[in-house]
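1. Return atomic coordinates for the entry below.
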Amino acid sequence: MAIEINEKELKEFIENSNKPIVIDFYATWCGPCKVSEPVFKEFSDINSDRLEFYKVDVDKNREISIEYGIKSIPTFIVLENGKVKKKIVGVATREKLEDLISEYKLN
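-> The predicted structure follows:
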């Protein structure tokens, strides 16, 4: 399940995580973000055994959004050891999210 977090919490989770982290950068007023929300929720529920999933509201967390170069929303990134490994921008489809985490799939 994806958890809504703020900048401080994200930094703590990055420092303490032993799994890759997937973040959905969004805004409450964003139409494409609303379309992506149920897809991301379902996807996070299915894949939470090997990845951690979080949501960051860009309006409430501007500094972290700038730090990760978020220029359009929704943007989904994978962090591993605090570094961006992959990124997709735009409406999330199951196929796009599968591609985002493809290297972390269990064989």
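
2. Now do stretch 52-61: everything it contacts.
-> Outside stretch 52-61, the residues within contact range by Cβ atoms under 8 Å, 6 or more residues apart in numbering are 1-7, 10, 13, 17, 19-28, 40, 43-44, 47, 64-65, 70, 73. C-beta coordinates here come from the backbone N, C-alpha and C atoms, glycine included.

3. Can you select the buried ones from those in PyMOL?
-> Selection of buried members from the contacts of stretch 52-61 for PyMOL, criterion 16 or more other Cβ atoms under 10 Å:
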select buried, resi 2+5+10+13+20+21+22+23+24+25+26+27+40+43+44+47+64+65+70+73
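
4. Can you flag which of the contacts of stretch 52-61 belong to helices?
-> In this view, the contacts of stretch 52-61 that belong to helices under DSSP state H are 7, 10, 13, 40, 43-44, 47, 64-65.

5. Dig out what the most centrally placed residue in the chain forms beta bridges with.
-> For the chain, the residue nearest the mean C-alpha position is Ile23 (1.5 Å; Cα atoms, centre = their mean). Bridge pairing for Ile23 (DSSP bridges) gives the partners Tyr54, Ile77.

6. Now do the contacts for it.
-> Contacts of Ile23 (Cβ under 8 Å, 6+ apart): 10, 53-56, 68, 76-77, 79.

7. Which members of those define the maximum pairwise distance?
-> Phe53 and Tyr68 (15.6 Å; Cβ to Cβ).

8. Asp45 versus Thr28, what's the distance?
-> The gap separating Thr28 from Asp45 is 21 Å, by Cβ to Cβ, to the nearest Å.

9. about what we covered before: when Phe53 and Tyr68 are compared, which one has more neighbours?
-> Phe53 (21 against 17; other Cβ atoms under 10 Å).

10. do you know how far the closest residue to that one other than its chain neighbours is from Gly31?
-> Of all residues not flanking Phe53 in the chain, Ser44 sits nearest, at 3.5 Å (Cβ to Cβ, 6 or more residues apart in numbering). Per Cβ to Cβ, Ser44 is found 21 Å from Gly31.
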